[in-house]
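J.: Turn this into a model:
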Amino acid sequence: MLDPSGPLAQLTRLPELAPFSRHINLLRADPGILNPYRVVAEPRPEHFADEDDPERAWRRERSLAAATRRRLVLDVLTGLLPYDVARIPHTRIVLLRAVREVGGSADRHPGQVIDALRRHARDGEDHAGVVADFLAERRELPQAALLFPDTSRDDPWYADRDYRLTVLTMQGMTLPRPGSPREEWTDGESLAVELLNLASWLTQRTIYESDRNMRKGVALDETHFLSQVPTGKVLIDRLARDSRKFNVRALFASQLAGDLLRVSGFASLVNAVFVGRTDDEEAQNEALRLLKVPTGVGYEQMLGTLSPRPRHDDRPDDTPRQFVFADGHGGVEKIRIDLEAPHLEHVREALDTNPDASRVAARGVPAATGPAAVRAPDEPAARHAPLAGPAPMLRPGVDLGSDLGDDIDEEFTDLDDPDGLLAPARPQRYLPELRADEHLDLAGDADPGTDPGMHDHDRVRTAGEAVR
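T.: Model prediction:
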């Protein structure tokens, strides 16, 4: 599970999961844990035992993995360069030559690409030296150490035991504002996007290293940034396509459905979908496309009625959220995620990411005790009055296959030389709220009371309505 902001790391501390879980803060991990040559798994021969020609299928997959590593390194190093340098066509050419010279084996690292650039500079390619100087400067950034391994140590990703749950976090990483143009990104934000891309590849690596018959799950958050990076799109597409073959349930989380629809063909590969409250009209249309629900017939406004809240109420909202759920088999319904059962209280606390000032511990201030105030059923709960006394002190918060010797065909060209710069010149648990007839009138939720078949006792109460 990849959760860049970090709250889901609490799952590894739950008593039921702690013995089999680990939390890795990637920004504090060992150097080289995000080495782009290592985050792409090496195919295993046993995964191709059911192929007509297992040996050929395995060698072909190794070639594809090598080509993917080269493309990933190319994207990452390009992303580390200043925008004005990265957009120069000659920059792409010198990087392509250096990356292809280094090859695509899993034991390489980006430092070797910088060394290759310097060799090319000594041979008269001045621009290669310019690119090498910029990359060497970026290498001095603290977080850039994650890309360059300590060659005297083993792969830092491997563990001495089998963990059933691994949560990767990147607390403290500053991502650019969603939708902001690339030229406005700072050096730190550019590096953060590349690290997030590599962390996503690292998250899925276990899929291809484990027994193919074992049930596996991968969850990726902040996927809207992945859809902006070419190799991020490759990752999303590969996870979607390999989910059946490798017995994987892949979960992609994003604030907007359109972020995932940028990946060509993704809508046809997706299975189950959860959509929460969505207000913007364009975003509503894209969400309905993922749900495979017709657009332009009135369902859009219903998405804006999910999880309603009373007006003028700024208290922390911990009510169960509502979603529209598509099960992947034609069923679509509105559901509520309910974790109110007593035995799930600790799970609810671990998953609650809503900030609440009342949870801040204050030294020297005893907890208020006493009976709860009596109030009318439709009266909102009163806020806690401040305690008398002084204010408390709060805590601060080369040849495509030369490195492997494999047979390569032309379908890997897009990975190794996507722009054709080196090619010869060419001519120009929750419960569904079903009604008695088990049909869902999505449009009816936008105008309560329009369904003549719904009796008063079946009507969903609006927010703030009294329960007497």
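
J.: element containing F274, please.
T.: Under the criterion of DSSP states H and E, F274 resides in strand 273-275.

J.: Contacts for that strand, please.
T.: With contact meaning Cβ atoms under 8 Å, 6 or more residues apart in numbering, strand 273-275 is reached by 257, 287, 290-291, 303, 323-326, 328. C-beta here means a position set from N, CA and C on the backbone, and glycine is covered the same way.

J.: could you flag which of these are buried?
T.: 257, 287, 290-291, 303, 323-326 (16 or more other Cβ atoms under 10 Å).

J.: Where helices are concerned, which of those count?
T.: 257, 287, 290-291, 303 (DSSP state H).

J.: Now the two most distant members of the residues you listed.
T.: Maximum pairwise distance in those, criterion Cβ to Cβ, is 11.4 Å, between L290 and L303.

J.: Help me confirm that A41 comes into contact with S210.
T.: No - with contact defined as Cβ atoms under 8 Å, A41 does not reach S210; the gap is 9.7 Å.

J.: in the stretch 51-200 of the chain, which spans are strands?
T.: For the stretch 51-200 of the chain, the strands defined by DSSP state E, counting those that start in this stretch cover 165-169.

J.: Enumerate every residue touching R215.
T.: R215 makes contact with 247, 249, according to Cβ under 8 Å, 6+ apart.

J.: what's it sitting at in phi/psi?
T.: For R215, the backbone dihedrals are phi -70, psi 130 (criterion: degrees, to the nearest 10).

J.: Need the pLDDT of it.
T.: At R215, the pLDDT value in this model is 89.

J.: For T174, see how far away it is.
T.: Computed as Cβ to Cβ, to the nearest Å, the R215 to T174 distance reads 36 Å.

J.: same thing with V40?
T.: Relative to T174, V40 is positioned 26 Å away (Cβ to Cβ).

J.: which of the two has more neighbours?
T.: V40 (27 against 9; other Cβ atoms under 10 Å).

J.: any idea of the pLDDT on the more buried one?
T.: Note on V40: pLDDT of 89.

J.: for F134, what are its contacts?
T.: With Cβ under 8 Å, 6+ apart, F134 has these contacts: 80-82, 85.

J.: go with 10 Å
T.: F134 makes contact with 77, 80-82, 85-86, 91, 114, 117, according to Cβ atoms under 10 Å, 6 or more residues apart in numbering.

J.: next one: L226
T.: L226 is in contact with 2, 193, 196-197, 200-201, 220, 232-236, 252, 254, 259-260, 262-263, counting by Cβ under 10 Å, 6+ apart.

J.: Please flag which of those residues sit within strands.
T.: 2, 220, 252 (DSSP state E).

J.: ok, back up a step: pick out whichever of the contacts of F134 sits closest to G104.
T.: The closest of the contacts of F134 to G104 turns out to be L77 (Cβ to Cβ; 14.1 Å).

J.: what about the closest one, neighbour count?
T.: Other residues within reach of L77, judged by other Cβ under 10 Å, total 25.

J.: Which single one of the buried ones among the contacts of strand 273-275 is nearest to L146?
T.: A257 (30.8 Å).

J.: pLDDT score assigned to the closest one?
T.: Listed pLDDT for A257 reads 86.

J.: shift numbering so it begins at 47
T.: In the new numbering, first residue 47, that becomes A303.

J.: In contact with it, which residues?
T.: Contacts of A303 by Cβ under 10 Å, 6+ apart are 313, 316, 319, 321, 324, 328-337.

J.: Tell me both backbone torsions, phi and psi, for the closest residue to M260 other than its chain neighbours.
T.: Spatially, and ignoring its direct neighbours in sequence, M260 is nearest to N293 (6.6 Å; Cβ to Cβ, 6 or more residues apart in numbering). Phi and psi for N293, reported as degrees, to the nearest 10, are phi 60, psi 60.

J.: Surely N293 and H93 touch.
T.: No - with contacts counted by Cβ atoms under 10 Å, N293 stays clear of H93, the gap being 11.4 Å.

J.: intersection of neighbour lists for the two?
T.: With Cβ under 10 Å, 6+ apart, N293 and H93 have common neighbours 257-258.

J.: buried sites along stretch 64-76?
T.: For stretch 64-76, the buried set under the neighbour-count rule, 16+ other Cβ under 10 Å, comprises 67, 69-70, 72-73, 75-76.

J.: now, among the residues you listed, which is nearest to R394?
T.: Nearest to R394 out of these is S67 (Cβ to Cβ; 18.2 Å).

J.: Beta-bridge partners for the closest one, please?
T.: Beta bridges link S67 to L211, judged by DSSP bridges.

J.: show me what contacts it?
T.: S67 neighbours (Cβ under 10 Å, 6+ apart): 47, 55, 57-60, 209-213.

J.: Separate out the buried members of those residues.
T.: 47, 55, 57-58, 212-213.

J.: Let me know the closest of these to P82.
T.: Proximity of these to P82 (Cβ to Cβ) peaks at T212, which lies at 19.3 Å.

J.: Give me the nearest residue to that closest one, chain neighbours excluded.
T.: Counting by Cβ to Cβ, 6+ apart, T212 lies nearest to R68, which is 5.4 Å off, once chain neighbours are set aside.

J.: Kindly tell me how buried the closest residue to Q158 other than its chain neighbours is, as a neighbour count.
T.: Once flanking residues are discounted, Q158 sits nearest to V148: 4.8 Å by Cβ to Cβ, 6+ apart. V148 has 23 neighbouring residues, counting by other Cβ under 10 Å.

J.: repeat for E230
T.: Neighbour tally, E230, other Cβ under 10 Å: 10.

J.: dump the residue contacts of the spatially closest residue to it that is not a sequence neighbour.
T.: Using Cβ to Cβ, 6+ apart and skipping residues adjacent in sequence, the residue nearest E230 is P222, 7.4 Å away. P222 is in contact with 228, 230-232, 234-236, 238-239, 271, 274, counting by Cβ under 10 Å, 6+ apart.

J.: how about 7 Å then?
T.: 231, 235, 239 (Cβ atoms under 7 Å, 6 or more residues apart in numbering).

J.: Cheers, nothing more for now.
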